[in-house]
Structure formats: structure tokens, C-alpha cells
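Visitor: generate a structure from the sequence data that follows.
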Amino acid sequence: MTTAQSAQDAMTAASDPRLIVPLDVPTVAEARALVDRLGEAVSFYKVGLQLFASGGMELARALKGEGKQVFLDWKLHDIGATVEKAAAALAVAGCDLLTVHGEPQVMKAAVRGRKAAGDEGLNILAVTVMTSLTDADLDEMGYAMGVEALVERRIRQALACGCDGVVASPHEAAMARALAREAGRLDFLVVTPGVRPDWAGKDDQARAATPAEALAAGASHIVCGRPITAAADPRAAAERIVAEIAGV
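Guide: Numbers count the residues shown, from 1 in each chain. Got it, this is the predicted structure:
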């Protein structure tokens, strides 16, 4: 057994790998300080665009080397050739999840890139509709359908394109799980941001739910940020959420 595997096994006993904590801070130093404060309470981290330009990839590699799991929430969105090359490059970094926008050309390109790199360990997630958006927002953006209809369409497309999962709000988790079962994809991942425990505010999430509600609805993973990262004691907040989802 490798040192990294031993470290990950030790963390799993104290944490829950279904809980993903976003490192949405300006610098790698601040992210590292947060990881240190969380300790064994968290084993899965999201590295997003805020850290992208300040050493996010180096941090991701370091976290993997310490036995943690890493979610690259970079929402790739470009022409197919560019997305394919980017996904191939990221696949060799050894991370666990990568987001791309839920458009067929983009999704297919990301899946091709991952396969071209020969690394099936990186899971491609399609972003359906941002959890901050409402039906009124989509109407303003020019969509001729509401949130639920657009999410369903993009889930079906993600399944057809060979993606490993989707990012959807807790309110669409049950639909995503049902569509995946219908397609025979029992391993399909449903990652839900917009998760807020009862004791925390909703912040900018328009379609939020509690951690237990999201998992019970069909989520495979939950992303919970400010209730943990903005808490006076982040580790205690994370441990409270882990205790809440232990029986789900």
C-alpha cells in the first residue's frame, strides 16, 4: 500500500468522500491554510477559477500527493479542438473530477481528450445550469425553456456524449439519477453545489437544499462552501455536516 493510499484511508475514517469543500480563496497560501485547519475532517477539495491563475494546478498536484481527492471546477468552454487538448493535458495530472460546459461539442471533445491521454481516472462532469440561475434569468439570456427543462436536456446529452456525470442543483438530483438509471449508467456521478445546512444561509444559491436532502435525492457528491470555509471553526462545521450525512 502506498503512503498516499494509507493517508487517504486514514482520512476516510474521519471524513466522508461525498463532501467536497471548495477552496475559493485568492491565493494558494490561503488555500493551504484552510486545508490545514480542516485536517482529517475533509478529504475532497474543489479547486476553482479563483485559484486558477495563482498556482491552482500546483496545489491540486500537492493535494493528490497527500492522498486527497481533487475536483478541478474549471468549466472548460471553447471550440472542440481546444477543449480536447486541455482535457488531455489535465487528465495526466491525476485529478478526479473536471467540469466542462454542458454543450454537446464541448462534452464530446473533453471525453475524447481524456481518452487520448490514456487516463480513465479523470471523470468528466457536464455543468447543466448554474445553481444561481432562475427561470427569469434564462429568459433574459434568450433560452426558450425553464431551468428544469434545460437541465433535463443537458443531462440526456451528457449521457449520450459519454460524460461521467453532471453538475446539477439538489432540486434536479433526483431527475439526474432517474435518467442515469434509465440509461443503464448506475455509476453516473451527480455532483450538487448549492448545498446549505439548515443552520446556514443560502448566500447566492437560488436552488439550495440541505446536505442530507441532496444525497437522499440522488446526489453522489455535495459541494458545501461558505457554511464551512467562512465558519469561525471550519473543521467543526465540516464535522457537523459529515455527522449529518453519515446515515444517508
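Visitor: over to the residue minimising distance to the centre of the chain. Which of the three states is it?
Guide: When the chain is reduced to its mean C-alpha position, the closest residue under CA atoms, centre = their mean turns out to be V191, at 5.2 Å. Classification of V191 by DSSP: H, G, I helix; E, B strand; the rest coil places it in strand.
Visitor: any idea how far G184 lies from A110?
Guide: 21 Å (CB to CB, to the nearest Å). The way it works is simple: take the backbone N, C-alpha and C, and place the C-beta from them, glycine included.
Visitor: more neighbours, these two?
Guide: Counting neighbours by other CB atoms under 10 Å for G184 and for A110 shows that A110 has the greater number, 31 against 9.
Visitor: quick one, what contacts the more buried one?
Guide: For A110, the contact set (CB atoms under 8 Å, 6 or more residues apart in numbering) comprises 76, 83-84, 87, 98, 100, 124, 163.
Visitor: contacts only, for the residue nearest to the centre of the chain.
Guide: Contacts for V191 (CB under 8 Å, 6+ apart) come out as 20, 71, 97, 125, 165-168, 219-223.
Visitor: want to throw those into TSV with distance to L150?
Guide: Shown next, in TSV, are the contacts of V191 (distance: CB to CB, whole Å):
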residue	distance to L150
I20	24
F71	23
L97	22
L125	17
G165	17
V166	12
V167	13
A168	11
A219	19
S220	21
H221	22
I222	22
V223	20
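Visitor: of the residues you listed, buried ones?
Guide: Restricting the contacts of V191 to buried positions leaves 20, 71, 97, 125, 165-168, 219-223, with burial counted as 16 or more other CB atoms under 10 Å.
Visitor: other SSEs contacting the longest helix along the chain?
Guide: Of all the segments assigned as helix in the chain under DSSP state H, the longest by residue count is helix 147-161. Contacts of helix 147-161 with other secondary structure elements, assessed using 3 or more CB pairs under 8 Å, 6 or more residues apart in numbering; DSSP states H and E, are made with helix 104-116, strand 123-127, helix 135-141, strand 165-167, helix 173-182.
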